[in-house]
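Need coordinates for the following:
(one chain, ligands or ions: 1)
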Amino acid sequence: MSIDIIIAKPSGFCGNEKFGVRGAIFKAIQASKQYPGKTYLLGEIVHNSHVVKQLEEEFSIKTVQSISEIPQGSAVVLRAHGSAPSVYQQAKKQELVVVDATCPLVSSVQNKARKLASEGKRIIYLASSSSHDEAISVYHQAPNSTILTTLDKIHTLSIDDPKNTVVLTQTTLSTLETESALSRLKKKYPELTIVPHICPATTARQKAVIKLAKEVGFVIIVGHPTSSNSNRLREVAQDSGAEAYIVDTEKELKSNWFIGKTKVVVSSGASTPDWLTEKVVEKIKTITQTDNSQHNKSINYLLP
Ligand code: F3S
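Numbering: from 1, shown residues only. Okay, the predicted model is just below:
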């Protein structure tokens, strides 16, 4: 069997040297050159363990789970998803050099939360999971004014003062689910202010997948299990009627998925490096005995 492999565009890393996943990785690599052997990542810089492993192996950047593990005078790279204010305070206390890799689009939600709280507003922050790093980073900007909730729980909320309440969202939610959840909420509480912050990179990746999922009906997403935006890509493909799977690496592909298929769409999350997607594509070709010429390579490596 041979299969047409359609690569969704855009897919893979978001941003450039100044923002997004590319910006975060770029900043970490620059820091490792400036502070060789003394550069630390506080948690996963982006939600992809293969990227983290590469930074550790090729640039000697160490990953720690707690800031207290970092020796004085080292550089700490703060993740793309943002960090709570206490992390900055602790870094200062330990005399660390802070390399802030927070995506500016996440910073914008953090700033908004602080501003609204200072104006006496109540905030409802809608996240994919209450333990997601971005959700924690935004919540801690104004914890006394913020209710952290998720898409499956938002309808259980009873909002006492909707006129004085603003809904903010995580940047990587499902556009389909969020739109429907927020419009139901707005119907229930017409006075509520809703300021969605799903970022353009997430929206564009989902839009491409939704269109191709409807046309082709079979979608494979390359993304790490902890990556919110990758999981949402699989969900929007499925919600658009396609058979859809998410794989972390090519090893997770199953040959029976391809039986009877003539076309497959491949997309990848904003934290998935192109080299990983390329390996998945190559394995699909092997499974389906597809000729090399049938997909159009468009590899843009940050970490070759
Ligand atoms: Fe930023 Fe959106 Fe990427 S918030 S890190 S541009 S997925």
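
Only C-alpha atoms from now on, for both contacts and neighbour counts.
Will do.

how many other residues sit next to residue 180?
Neighbourhood size, residue 180 [other CA atoms under 10 Å]: 12.

can you check residue 218 too?
For residue 218, using other CA under 10 Å, the count is 23.

Pull the contacting residues for the nearest residue to it once chain neighbours are set aside.
Distances taken as CA to CA, 6 or more residues apart in numbering place residue 243 nearest to residue 218, at 4.8 Å, with adjacent residues excluded. By CA atoms under 8 Å, 6 or more residues apart in numbering, the contact set of residue 243 is 217-219, 237.

Closest one to residue 95 out of those, please.
residue 237 (46.3 Å; CA to CA).

Got the confidence number for the closest one?
Here the pLDDT value assigned to residue 237 is 97.

mind checking how far the helix or strand containing it is from the chain centre?
Using DSSP states H and E, residue 237 maps to helix 228-239. Chain-centre distance of helix 228-239: 11 Å, with CA atoms, centre = their mean, to the nearest Å.

Can you pull out the residues in contact with it?
128, 172-176, 202, 205-206, 209-210, 213-214, 219-225, 243-246, 268-271.

Dump it to PDB, keeping only the CA atoms.
The C-alpha coordinates for helix 228-239 follow below in PDB (Å, rounded to 0.1, in the frame of the first residue of the first chain):
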ATOM      1  CA  SER A 228      -1.300  21.000  25.900                       C
ATOM      2  CA  ASN A 229      -1.300  22.400  22.300                       C
ATOM      3  CA  SER A 230      -0.400  19.000  20.800                       C
ATOM      4  CA  ASN A 231      -3.200  17.300  22.700                       C
ATOM      5  CA  ARG A 232      -5.700  20.000  21.600                       C
ATOM      6  CA  LEU A 233      -4.600  19.400  17.900                       C
ATOM      7  CA  ARG A 234      -5.600  15.700  18.200                       C
ATOM      8  CA  GLU A 235      -8.900  16.700  19.900                       C
ATOM      9  CA  VAL A 236      -9.900  19.300  17.200                       C
ATOM     10  CA  ALA A 237      -9.100  16.700  14.500                       C
ATOM     11  CA  GLN A 238     -11.300  14.200  16.300                       C
ATOM     12  CA  ASP A 239     -14.000  16.800  16.900                       C
END
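
Report the contact partners of the residue of the stretch 1-150 of the chain found nearest the ligand.
Closest to the ligand within the stretch 1-150 of the chain is residue 20: 3.6 Å, counting by CA to the nearest ligand atom. When contacts are counted by CA under 8 Å, 6+ apart, residue 20 touches 13-14, 80, 102-104.
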